[in-house]
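Peer 1: A structural model of the following input is requested.
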Amino acid sequence: MARRPAAPSLVRRLVLLAAVWSTGVLLASAVLLGLLFEQAALRRFDQGLADLTDSLAAAALPEPAGGIRVRDPGDPRTRRVYSGRYWQVSRAGPDGRPAVLARSRSLWDTELTLPADLPATLEAHPGGGVSYAAPGPEDQRLRVRATRLVLPGATAPVIVLAAEDRRPVDAEIRRFFAATAAVFVLLALGLIAAVVVQVRLGLRPLFALSQEIADLRSGRADQLGGAYPSELTPLADQLNALVRHNRESLERQRAHVGNLAHALKTPLAVLSAAAGSESDKGALADLVTQQAGVMQTQVDHHLRRARAAARLPGAGAVTPVAEVLDDLARTLMRLHREADVRIDWEAPEDLAFLGERQDLLEICGNLLENACKWGRGRITVRGAASGSDRLILEIDDNGPGLDPGQRRDALARGGRLDESAPGSGLGLSIVSDLVRAYGGDLDLEDSPMGGLRVRLDLPRSAD
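Peer 2: Okay, here's the model as predicted:
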């Protein structure tokens, strides 16, 4: 039977949506938090440099020759060579290039570089400061704070620069980003785990409803009886109503077919009795007897089909396969003792047909009867599970077998390959109808024993 591809999981879909949304929000939050921390760290860094420039502005004194004398601001790092903390006082020269008037001992033989547009930028923002990045001694990454001052008694403004190696701050920012990332990863994993638990708990009534429907279909229950949330209660009620409606419809159909069969059986019996009386013997009587028998066979056939239609999988019946095969093997070997028929069968004890015992007896009985009739005394039957809800039955004989054309004719209603043999020709047709009524398949194949193999695919009870 063709099976539908597996549908996407609702749990997986909900978890993935929640995971993607949560991960996106947490990632954006982590990046934003890191950027805010970086800005805060740089503001603190700039504030320290601004304090140094204020100290330098207070310690700077103009000299009569036009120079600048700066008292020691009291920071020991500015006295240690290449310590990472520097200061410098510059003034624009006659050619427009800034000239260094004073600098910290920590700069030793180097100078702090000034961007070309820095004087104009500072002049446009009097009283304010400008921060920028610049290279420092020994490949240091400096953050420089520049301020424009007009010293008392000076004829031209000066530019006070304070700089510090920002690599320690960058390392602190990286550590913060790493710690934040670790925390947010753990938070994301925790949120995803919480979502999985929430979805599983939230959808538990749906899982319970699905299991009850499976129990209903397999015959372990006759209606849905669980306590469901208010959102699922109408669905459960409608399913119960549908089950009751189907059961009542099937019972009505079976009753109609039974009434029709009963109505026909009596006239048929009268016709057969009248045709078989001694006084009415003749060609017409033989014809009436023959056709009455055919009509009786047809009535029995359609009664069996109606019974099978009313006993689809889920009607509540479960039949052990081994018991049916054992009963049929014993009975048929006794009936065909003169032909020395031997029937060997094997099937797991827990293999169960999801349907009525009478139907499985009729299916297997017809097939084994045909094998006894057309075989040469050796028949094997093998039953096995197939998948989670199907079973396979293979019946092999060592008879002459059938070619493909004969197999099609054998499955046709009333088809008979040997008119001299007794029977109506409805055996395999009845079996095929019953198998299809249960949603199964019947195939005729070549047997390894040299005869015919009949392969049945039927519903299996999972219990």
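
Peer 1: mind checking the SS state of Ala385?
Peer 2: Of the three states, Ala385 takes strand under DSSP: H, G, I helix; E, B strand; the rest coil.

Peer 1: list the buried residues for the helix or strand where Gln406 lies?
Peer 2: Per DSSP states H and E, Gln406 falls inside helix 404-411. In terms of neighbour count (16 or more other CB atoms under 10 Å), helix 404-411 has its buried residues at Arg407, Ala410. The way it works is simple: take the backbone N, C-alpha and C, and place the C-beta from them, glycine included.

Peer 1: restricting to C-alpha, output it in CSV.
Peer 2: Extracted in CSV, the C-alpha atoms of helix 404-411 (Å, rounded to 0.1, in the frame of the first residue of the first chain):
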residue,chain,number,x,y,z
PRO,A,404,0.3,-14.4,-15.5
GLY,A,405,-2.8,-14.6,-17.7
GLN,A,406,-4.3,-17.4,-15.5
ARG,A,407,-3.6,-15.4,-12.4
ARG,A,408,-5.7,-12.5,-13.7
ASP,A,409,-8.5,-14.9,-14.6
ALA,A,410,-8.3,-16.7,-11.2
LEU,A,411,-9.0,-13.4,-9.4
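
Peer 1: now do it: distance to the chain's middle.
Peer 2: Between the centre of helix 404-411 and the centre of its host chain there is 44 Å, according to CA atoms, centre = their mean, to the nearest Å.

Peer 1: got phi/psi on Arg342?
Peer 2: Per-residue torsions, Arg342: phi -120, psi 130 (degrees, to the nearest 10).

Peer 1: now Pro73
Peer 2: Reported as degrees, to the nearest 10, the phi and psi values for Pro73 are phi -70, psi -10.

Peer 1: show me what contacts it?
Peer 2: Contacts were defined as CB atoms under 8 Å, 6 or more residues apart in numbering; by that measure Pro73 touches Leu52, Ser55, Leu56, Ala59, Trp87.

Peer 1: how close does it sit to Arg85?
Peer 2: Applying CB to CB, to the nearest Å, one obtains 10 Å for the distance of Pro73 from Arg85.

Peer 1: what about Ala227, is that helix, strand or coil?
Peer 2: Of the three states, Ala227 takes coil according to three-state DSSP.

Peer 1: domain-wise, how is the chain divided?
Peer 2: Structural domains annotated on the chain: 36-172, 233-308, 317-459, as defined by automatic domain parsing.

Peer 1: phi, psi of Leu101?
Peer 2: Geometry field for Leu101 lists phi and psi as phi -90, psi -40, criterion degrees, to the nearest 10.

Peer 1: burial count for Val199?
Peer 2: For Val199, the tally of surrounding residues (other CB atoms under 10 Å) stands at 18.

Peer 1: next SSE after the least confident helix or strand in the chain by mean pLDDT?
Peer 2: Within the chain, no helix or strand scores below helix 283-309, which has a mean of 68 by mean pLDDT, DSSP states H and E. Sequence-wise, the next helix or strand beyond helix 283-309 is strand 319-320, with elements assigned using DSSP H and E.

Peer 1: so for the following helix or strand past that next one, what's the average pLDDT?
Peer 2: The helix or strand immediately downstream of strand 319-320 is helix 321-335, counting by DSSP H and E. Averaged over helix 321-335, pLDDT sits at 92.

Peer 1: and for stretch 449-463?
Peer 2: Averaging pLDDT residue by residue across stretch 449-463 gives 87.
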